[in-house]
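Enquirer: turn this into a model:
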Amino acid sequence: MSECVLHQAAEMPARDLLDRLRRLETSLVSDVFGRWAGAAGISPIAGLPSGQVVVGPAFTVRTRPGDNLVVHKALDIARPGEILVVAAGGQRDRAILGGLMGQYAASRGIAALVVDGAVRDRSALDKSAPPVFAAGVSHLGPYKDGPGDLRCRVSLGGVAVADGDLVIGDEDGIATIPRSRAEEIIAAAEAKRLAEEAESEAISTGSWDRSWIDASLTIREVPAAR
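Expert: Got it, this is the predicted structure:
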C-alpha cells in the first residue's frame, strides 16, 4: 500500500474574483506578472472550444512520473470548480489520464485538468471531459502504484504552484496567480487589457505610435556591395 499525503484544502476564492479573471487572457496575466506566470510546454489538448477561458483555484497533485494512483484519489475529493493541477515530472511516455477519468472529472464538476505529463484518448476527452491542458499525448497507459501528495506545493512546467492558487487557461496555455496576489495581478491585467484595446483602436485609425522602436535601436546601415 502506497502513502498519499493529504494537506489541508485552501479556502475557495470569491466568485467575483473568478468572474473578473474569466474576462481576461493568459497573455495579459503573464505580461503583468513578470512574463513568467505561464507553465512552459503545457498546451490545450482537448475540450476547449475556440475563445473559451477557464478559471479556478488549483487542486495540486504531485505524482510519480507515469503513475496516476493519487490522481484518481484527487478526482474523488476535488471540489466543484477546482482545477486539477498534476505535477508528473513533465514526462510524456505514459498518459496520466484519459477518456474515462476525463468523463469522471466532468461529472464531479472539476473545471479543468492540467497535467505536466501526457494524456490520451483525445477524442473521448473532447467529447466528455472539461478542458484538458497537458505536455503531450501518449497511448501508453499509466502505472497505479503511487506514492504521491495532494494539495501540496508543486512545480508545474518550472512554475511554483500552491494549492488554492488561481489558474487561468485558454488557447495559449495556462497561467497561474499566487492566491495572496490575486487582486493586485488581476487589476493590473484589467488595466493592460484597456491599454491594448486603445492600441487596437489606434491601429484601425492609422495612429499607432511606433516611435519607441527607433528610440530603442541603433541602426547601422550596410552599404551595397560593389
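
Enquirer: element containing S50, please.
Expert: Assigned by DSSP states H and E, S50 belongs to neither a helix nor a strand.

Enquirer: distance of the closest residue to it other than its chain neighbours from E199?
Expert: With C-beta to C-beta, 6 or more residues apart in numbering as the criterion, S50 has its nearest non-adjacent residue at 6.9 Å, and that residue is E171. All C-beta spots, glycine's among them, are computed from the backbone N, C-alpha and C. For E171, the distance to E199 (C-beta to C-beta, to the nearest Å) stands at 21 Å.

Enquirer: now swap in S128 and tell me
Expert: 40 Å.

Enquirer: can you give me the helices in the protein?
Expert: For the chain, the helices defined by DSSP state H cover 15-22, 26-32, 69-77, 99-107, 122-128, 182-205, 211-216.

Enquirer: just those: most buried one?
Expert: Most buried of those, by mean neighbour count (mean count of other C-beta atoms under 10 Å): helix 26-32, with a mean of 21.

Enquirer: same for that helix, what does it pack against?
Expert: Counting contacts by 3 or more C-beta pairs under 8 Å, 6 or more residues apart in numbering; DSSP states H and E, helix 26-32 packs against strand 166-170, strand 173-177, helix 182-205.

Enquirer: quick check: angle from the second one to strand 166-170?
Expert: Read it as strand 173-177. Orientation check (axes from the mean of the first three to the mean of the last three C-alpha atoms, to 10 degrees): strand 173-177 against strand 166-170 gives 160 degrees.

Enquirer: hmm, who's touching strand 173-177?
Expert: 21, 26, 29-30, 33, 37-39, 42-44, 58, 114, 133, 156, 159, 161, 165-169, 185-186 (C-beta atoms under 8 Å, 6 or more residues apart in numbering).
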